Structure formats: C-alpha cells, structure tokens
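> Predicted model and sequence follow; I will ask about them next.
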Amino acid sequence: MSQVGQAQANAQLLVDWLRSNPPRPGSSILFAGAGTGQMFDFLSPEVLSPYRITFADINLDYLNLLESRLKSKTQLRYEIVVDNIERPQLSARYALAVAILVLEHVDWQVAVAALCALSLENVFVVIQENPPESTMAVGESQPLIGTMSVFREVHPILVNKEELVQEFSHHGFRLVSSCVKRVRYEKKMVGLGFAKNCRMQGSTPERRNELKCAETESGT
C-alpha cells in the first residue's frame, strides 16, 4: 500500500497519537492484524523503542515478511505471534491495542470487542473513508499493487465512523482523538483514538490530552 500513500499516512497517524498519548515506558503495545508491516518503512524505530511490542496476524506469510522488515530495527523489543483478532488466543493485556486498516477485512464488531478486551487503557484504529459514491475499500480504477493483489478475491468493506464510535462506547471506550490524512484516489485515512472510560472520570480535556488535527494530504 506504500505506493498509494496509505502506509506513509498511517505511520504519521500513529506517530501523532503516540506523541499526544504516550504509554508509560515499558508498557506493552499490541498491533492486531499487523500484516507485512509496510507502514514501518515510514516509521522511525525510536517511536516504539520505549515499549514492548506484540505483532499479531492470522497470516503467517505476512508475519514472515514483517519479521524480515524488522530485522534491521535492533532498537525494538518485540514478539511476533499468529493470532486471529476475531478469535484471539492472546492471554496478555496491553496498554494500547492498535489496528490499522484491519476492521475493513473482518467482522468489525467482533474485532472491536476483542480489541477492547485486550486493552487496559487505549485503543487506536485507522479506518478508510472513500468518496460518498464508493463503499468498497479499493476503487474499481485503482491498480492492485503488491500485497493489495489479495483484494481481487477478497473485497474489504468500509466501516462507518459513527457506528464504530458507538460500538466502542458499548464496550466502555470513549473517543478522545480523531485525525484525518488524505491519500490518493480521493481516499482518507482516519485515525481514531479511544480511552477506557474508567480513565476518563474526573479528567479535564488537558489531562486527557485530546488530539484534534486538520486534514492533511499524503503523497506516494
């Protein structure tokens, strides 16, 4: 996806979230549906080096590619596990659970429930928004590059932002940040940060460190 600007945009969305809502040093972070990790071509290892990272995906081939991509990033403390976000077997709980362009490929309500169950504090997701006339994640005129070729057989479906926020609310997580980056083909990458409700009680907007940002453009 890096050739259509999405990976770069998603990396920046994650950086923005971590800078405004940094977990405590030594905290654990889960990347659910980590895939091949194209985003990490645009992400400095220093961003994640204070934390213990778990990369999980149902596709072992993708994880092997991810591991090859991460070999040079010696600063990272991480493990790679095969796991299904729709039926997670992970026993750990994480300060932050991250799912970037994952919900479009799964039963998203089941995945949201799993992310909330796995998170002790925060969840950060990136979803895709298309022009109003398009409901598919990949447009008909968009070339399928690299690992995007799997979309010839499997058609991801976009997730409605308002419905997503409501679903997180049902599981006790409140929206605290929303940030948008424009990419090619008139698409938008939307980063949404959620905090567990028990952490919000009695907090001020300053203490919550809410993040709001204007739409920005990301090229290839």
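That came through fine.
> And the strands in this protein?
28-32, 52-57, 77-82, 94-100, 119-129, 173-182, 188-196, 211-212, 216-217 (DSSP state E).
> Mean pLDDT lowest where, among the ones you listed?
Lowest mean pLDDT within the strands of the chain: strand 211-212, a mean of 52.
> show me the contacts for the residue positioned nearest the centre of the chain.
The chain has residue 100 as the residue nearest its centroid, 2.3 Å off, counting by Cα atoms, centre = their mean. By Cβ atoms under 8 Å, 6 or more residues apart in numbering, residue 100 lies in contact with 10, 13, 14, 31, 33, 39, 125, 126. Where you see a C-beta, it was placed from the backbone N, CA and C, and this is true even at glycine.
> Tell me which two in those residues are the farthest apart.
For the contacts of residue 100, with distances taken as Cβ to Cβ, the pair at the greatest spread is 13 and 33 (15.4 Å).
> Name the residue in the two with the higher neighbour count.
Set residue 13 next to residue 33 and count neighbours by other Cβ atoms under 10 Å: residue 13 wins out with 27 against 23.
> before we move on, back to that, can you list the contacts of residue 100 in TSV and add distance to residue 165?
Output for the contacts of residue 100, formatted as TSV (distance: Cβ to Cβ, whole Å):
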residue	distance to residue 165
10	19
13	16
14	19
31	21
33	20
39	23
125	10
126	14
